[in-house]
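**Q** Dropping a prediction and its sequence here:
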Amino acid sequence: MKIYLIRHAEPDYPNNTITPPGHLEAQALAERLCGTKIDRIYHSPLGRAIHTMQYTADAMGIQPTLLPWTAELEGWNFVHPNGKTEVAWNVDNSWIREHRPYPSSENWHQLPPFNMPDFHDKYEDIRRNSDRFFEENGYQREGGRYRIMASNRDTIAVFCHLGFGLAWLSHLLELPLTMVWAGFWIAPSSVTTIVMEERSHGWAAPRCYGVGDVGHLYQANLPLSRAGLLADNID
Ligand SMILES: O=C(O)[C@@H](CO)OP(=O)(O)O
């Protein structure tokens, strides 16, 4: 199985949709994906994901499936030392790197500022939902690897979000959540490719073949949307 994890196009948050430039991004993405093999399309319940996805679903004639657990994460807020409240995936990278040892997959939820009462449980929910989804697709998770119960050569596209998408990636790749959030940004309408690699011994494991690809924007001569990018030195 191959997964295209796609962040929605440029968001119009107040209106629960995407902006006019976002529609152009979604259209360019659909044109690019049309040239590939996609067997199934899934999407978050939020307008910005649905309205992005619809272009690809229409262009490829695929009936999309709602996947509620891929909605953007809620309640992941923490208070920065400067008093500002932020969502967890917007954490300042230099702040995370200030202290050693760095967070691990085992202890990220015990270290400030991520030692909030329910962060660990919320992440466990993502893990459980992901494992159930993989089970439905023929992969039984055992420890960190996946037993192949049924061969799966499908390519699926999942239209979702920045915070959720990176959290899912951290689970699939067994990388500490906070380091993934601090270390990656995926642009609106970008495609992150994850392949369940198999080597003929009955087991598979996810491997990332590319993060945040925006080739369709270059192709269509469209600018990159900066939604969720907080650095102040990016042109
Ligand atoms: O807070 C959010 O909900 C945003 C921005 O970080 O994520 P996304 O735009 O991907 O939904």
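**A** Now that the structure is in, tell me what you want to look at.
**Q** and the helix ranked longest in the chain, what's its mean pLDDT?
**A** Across the chain, the longest stretch assigned as helix under DSSP state H is helix 119-136. Per-residue pLDDT over helix 119-136 has a mean of 98.
**Q** what separates that helix from the chain centre, distance-wise?
**A** Relative to the chain's own centre, helix 119-136 is displaced by 14 Å; criterion: CA atoms, centre = their mean, to the nearest Å.
**Q** For my notes, confirm G83 occurs in a helix.
**A** No: counting by DSSP: H, G, I helix; E, B strand; the rest coil, G83 is located in no helix; its state is coil.
**Q** just to revisit the earlier point, parallel or antiparallel, list what pairs with the helix or strand following the longest helix of the chain.
**A** Where DSSP states H and E defines the elements, the next helix or strand beyond helix 119-136 is strand 139-142. According to DSSP bridges, strand 139-142 forms sheet pairs with strand 145-148 (antiparallel).
**Q** Return the set of buried residues in the longest helix of the chain.
**A** Within helix 119-136, the residues scored as buried using 16 or more other CB atoms under 10 Å are 119, 122-123, 126-127, 129-131, 133-134. Every C-beta, even on glycine, is put in place using the N, C-alpha and C of the backbone.
**Q** Redo those as a markdown table? Include distance to M196.
**A** Listed next are the buried residues of helix 119-136 as a markdown table, based on distance: CB to CB, whole Å:
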| residue | distance to M196 |
| --- | --- |
| F119 | 27 |
| K122 | 25 |
| Y123 | 21 |
| I126 | 18 |
| R127 | 16 |
| N129 | 17 |
| S130 | 12 |
| D131 | 13 |
| F133 | 12 |
| F134 | 8 |
